[in-house]
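Undergrad: Using only what follows, build the 3D model:
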Amino acid sequence: MLTVLHVGRAGNGSPFQANLRVHRWLLALLAASIVPLAGNDCIAQTTSAATTQTATNNAIATALAGERAANEPVKPEDSDWPIPGRNYGATRYAAIDQINTQNVKDLKVAWTFSTGVNRGQEAPPIVIGKTMYVVTPFPNLLYALDLDKAAKGETPLKWKYEPKPESAAQGVACCDLVNRGAAYEDGRVFINTLDVQTCCVDAETGKELWKVKLGSINKGESITMAPLVVHGKVYVGNSGGEFGVRGWLKCLDAKTGNVLWTAYSTGPDADCLIGPNFKPFYKMDQGTDLGVTTWPPDHWKLGGGTVWGWVTYDPETNQIFYGTANPGSWNPELRPGDNKWSCTVFARDADTGQARWAYQYNPHDLFDHDEINEHIVLDLPLDGPDKPVRKVIVHPARNGYMYIIDRVTGQVLSATTYERNTCIKSIDLETGRLIPNDEKHPQVGATIRDIQPASPGAKDWQPCAFSPRTGLLYVPHQNLSCDYEAVEANYIEGTPYVGVNERMYAGADDPDALGYFTAWDLINHKLVWRIKETFPCWSGTVVTSGDVVFYGTMDGWFRALDARSGQKLWEFHCGSGIVGQPTTFKGPDGKQYVAILSGVGGWAGAVVAGDLDIRDPTGALGFVNAMKELPKYTTKGGTLYVFALP
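TA: Presented below is the predicted three-dimensional model:
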């Protein structure tokens, strides 16, 4: 298999230098690594109806196509991709079908671009009109690329913005120096930087309009999440739960950068923006100042609950939804109580930030099961195709359960395991409470074996996609179990505060597969088909009205599947492993393109990106043990690939 040439690497500590030429002369060589496929050898099909669009699927399509689209930043059929989730509900679905199941086998590399930064490339390329915007890992360079010029084989660079984050921020990034993307609204592009800043630049010129400092790396804070921008408001959360920071979500004025409000994840109700309109559905989440009383004295001040994942928005109710991360420290014996509001989903008024309801997925979290994964906004005919749709959010949880929650009330309508689970027995839908497997409870001085999901969860940050045509949710995730030992931990500001030794490995159901790509039926709560991968599926995914779903693998393959059957239709081998988020769009020439960043890294790829010693099984908080073979399959990288039909 051909390895793609890397250009513009960083060297000898000098500033990163991007190679700004479109590598037209490489295209003939790159084409040699494109492989159309008709085989079906890695699919575990669980239903013969996977290729049939049912009446239920049609009802879903009808339910999703409605008044809400008028309030979205992009309509399903539009050409652009303005924010990481494509729309406010984060369905990552595009009603573009030039590339379909019949012709996807003919995809070719249209052009490439080197970012000059060889760390984990987790961001999606976003597109507005004739321009693509790409943000890199630290030092968080933002590129604007001219799509007209790129299509013609000319140098695509319009401008490059360099925010110059503090170098010391690299020391408080727990899980690589990643950035999960930029966002566009009203002629402006917004990014976050690793050193806890949010930046706004003019989309046409790259001129900095404002930059605001939101936290301190000296406390262990950082930012890796992508901002969400809605109607002139920018929503940003912090990282640093492994350093004992206090989690928050902030709302900024898009024009000025001024902080409009801050909602903390721990502490008194006033700090958490919990007031008289807060009406959680379950009794366990009802009470006064639970962000204080569910912790040992003053422990809430270093309680974690950071907000480093995804924020979604419902225009109909004017609510935002987001999840909070693990409590600090990982060792549960150090923090008796439910530890609110860690591992929680909040529904908040998008304007004021006041909480409307909350639901804690993992009271007294035992295994670092952050619940920062996306909450996809959908209207689903859960009660039957002839009944009114239910207004829900869908959350593929790190704890291994697929939740469907009423987004108006916060009631859990269903919670179904979507992979092997040894640490949780069930979710009690009457009380909302998780029922743990007490045999797997961590203890200081004891190693508890075969805990699945391991701390990265059944799925981590990597986002799903939903197709209204198939009614399926496409889930990139991992198959990880672990051995888990709680140890003592002492808090020192700005240093790791973990309290666990962990060693990860493949789950017993599939000992040769660390990764899954799963198609899940939300109506019938079941797996439809599943692809098994050697390494965790750490990339995002996108699905189109051409019934094609795209994702990448950590050993460098970018793949296209039939969205109905899971049949592998095409693949291309990139120069580095893929942990990014694919996007698709129509260029100025009217052609459909698919784009992906290649560059292995993130928590799962830290063994390569961080040059970690594979002899230490506890490296990268235990991930190295599972990933010690990865350096044999891929190397560092930082290249944008854009594909199109001939």
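
Undergrad: all helices for the protein, in order.
TA: Per DSSP state H, the chain carries helices over the ranges 27-31, 55-64, 147-151, 290-293, 606-609, 623-627.

Undergrad: any idea which of the ones you listed scores lowest on pLDDT?
TA: Among the helices of the chain, helix 27-31 carries the lowest mean pLDDT, a mean of 37.

Undergrad: Just checking, which helix or strand of this structure averages the lowest pLDDT?
TA: When the helices and strands of the chain are scored by mean pLDDT, DSSP states H and E, helix 27-31 comes last with a mean of 37.

Undergrad: Residue 193 contacts residue 162, doesn't it?
TA: No: counting by C-beta atoms under 8 Å, residue 193 does not reach residue 162; the two are 10.4 Å apart. C-beta here means a position set from N, CA and C on the backbone, and glycine is covered the same way.

Undergrad: Those two: which has the busier surroundings?
TA: Shown here are residue 193 and residue 162; by other C-beta atoms under 10 Å, residue 193 has more neighbours (25 against 13).

Undergrad: ok, the more buried one - contacts?
TA: 138, 140, 163, 165, 169, 179, 199, 223 (C-beta atoms under 8 Å, 6 or more residues apart in numbering).

Undergrad: So which of those residues wins on neighbours?
TA: Ranked by neighbour count (other C-beta under 10 Å), these have residue 223 at the top, with 30 neighbours.

Undergrad: Just list whatever residues bridge to the residue lying closest to it once chain neighbours are set aside.
TA: Sequence neighbours aside, residue 192 is the residue nearest to residue 223 in space, at 4.2 Å (criterion: C-beta to C-beta, 6 or more residues apart in numbering). For residue 192, the beta-bridge partners are residue 198 (DSSP bridges).

Undergrad: Tell me how far residue 192 lies from residue 97.
TA: According to C-beta to C-beta, to the nearest Å, residue 192 and residue 97 sit 34 Å apart.

Undergrad: thinking again about what came up before, who's in contact with the residue nearest to residue 223?
TA: By C-beta under 8 Å, 6+ apart, the neighbours of residue 192 are 140, 179, 198-199, 223-227, 236.

Undergrad: If we use 10 Å, what do you get?
TA: Applying C-beta atoms under 10 Å, 6 or more residues apart in numbering to residue 192 gives the contacts 135, 140, 163, 165, 179-183, 198-199, 214, 222-227, 234, 236-239, 308.

Undergrad: Just the pLDDT at it, thanks.
TA: So residue 192 comes in at 98 (pLDDT).

Undergrad: Residue 174 too?
TA: pLDDT, residue 174: 88.

Undergrad: Let the chain start at 257 from now.
TA: New numbering, starting at 257: the last item is residue 430.

Undergrad: what's the distance between it and residue 648?
TA: Taken as C-beta to C-beta, the span from residue 430 to residue 648 is 32 Å.

Undergrad: Then residue 808?
TA: Relative to residue 648, and taking C-beta to C-beta, residue 808 is found at 28 Å.

Undergrad: Neighbour count: the two, which is higher?
TA: Per other C-beta under 10 Å, whichever of residue 808 and residue 648 has more neighbours is residue 808, with 30 against 23.

Undergrad: re the thing from before, of the contacts of residue 448, which belong to strands?
TA: Taking DSSP state E, the ones among the contacts of residue 448 that sit in strands are 391, 439, 454-455, 490, 492-493.

Undergrad: By neighbours, which of those residues wins?
TA: Of all the ones in strands among the contacts of residue 448, residue 391 has the most neighbours under the rule other C-beta under 10 Å, reaching 31 neighbours.

Undergrad: Report the contact partners of that residue.
TA: 371, 373, 377-382, 397-399, 417, 419, 435-439, 445-449, 455, 482, 853.

Undergrad: hmm, 8 Å instead?
TA: 379, 397-399, 435, 437-438, 447.

Undergrad: With residue 808 instead?
TA: 795, 814-815, 830, 833-836, 838, 852, 854.

Undergrad: What residues are recorded as beta-bridge partners of it?
TA: Beta-bridge partners, per DSSP bridges, of residue 808: residue 814.

Undergrad: Can you check the pLDDT for it?
TA: The model's pLDDT for residue 808 equals 98.

Undergrad: burial count for the closest residue to residue 702 other than its chain neighbours?
TA: Nearest non-adjacent residue to residue 702, counting by C-beta to C-beta, 6+ apart: residue 741, 6.8 Å away. Per other C-beta under 10 Å, the neighbour tally for residue 741 reads 20.

Undergrad: can you check residue 512 too?
TA: Neighbour count for residue 512, taken as other C-beta under 10 Å: 12.

Undergrad: Looking at the closest residue to it other than its chain neighbours now. What's its pLDDT?
TA: Closest residue to residue 512 apart from its sequence neighbours, by C-beta to C-beta, 6+ apart: residue 466 at 6.4 Å. On pLDDT, residue 466 comes in at 98.

Undergrad: and what of residue 258?
TA: Confidence score, pLDDT, at residue 258: 25.

Undergrad: Excluding covalently adjacent residues, which one is nearest to residue 345?
TA: Counting by C-beta to C-beta, 6+ apart, residue 633 is the residue found nearest to residue 345 once chain neighbours are left out, at 3.3 Å.

Undergrad: so what's that neighbour up against?
TA: 344-347, 568-570, 577, 648-649, 663.

Undergrad: what separates it from residue 813, distance-wise?
TA: To residue 813, residue 633 is 31 Å away according to C-beta to C-beta.

Undergrad: just residue 420 next, same as before
TA: Residue 420 is 35 Å from residue 813, by C-beta to C-beta.

Undergrad: Looking at the two, which is more packed in?
TA: Using other C-beta under 10 Å as the criterion, residue 420 and residue 813 rank with residue 813 on top: 22 against 13.

Undergrad: Please tell me how far the more buried one sits from residue 759.
TA: 27 Å.

Undergrad: Ok, residue 584 next?
TA: With C-beta to C-beta as the criterion, residue 584 and residue 759 are 21 Å apart.

Undergrad: More neighbours: these two, which one.
TA: Comparing residue 584 with residue 759 by other C-beta under 10 Å, the one with more neighbours is residue 584, at 33 against 20.

Undergrad: wait, doesn't that one sit right on residue 557?
TA: No: the criterion here is C-beta under 8 Å, and residue 584 misses it with residue 557 at 9.8 Å.

Undergrad: Phi first, then psi, for residue 823.
TA: Main-chain torsions, residue 823, degrees, to the nearest 10: phi -60, psi 130.
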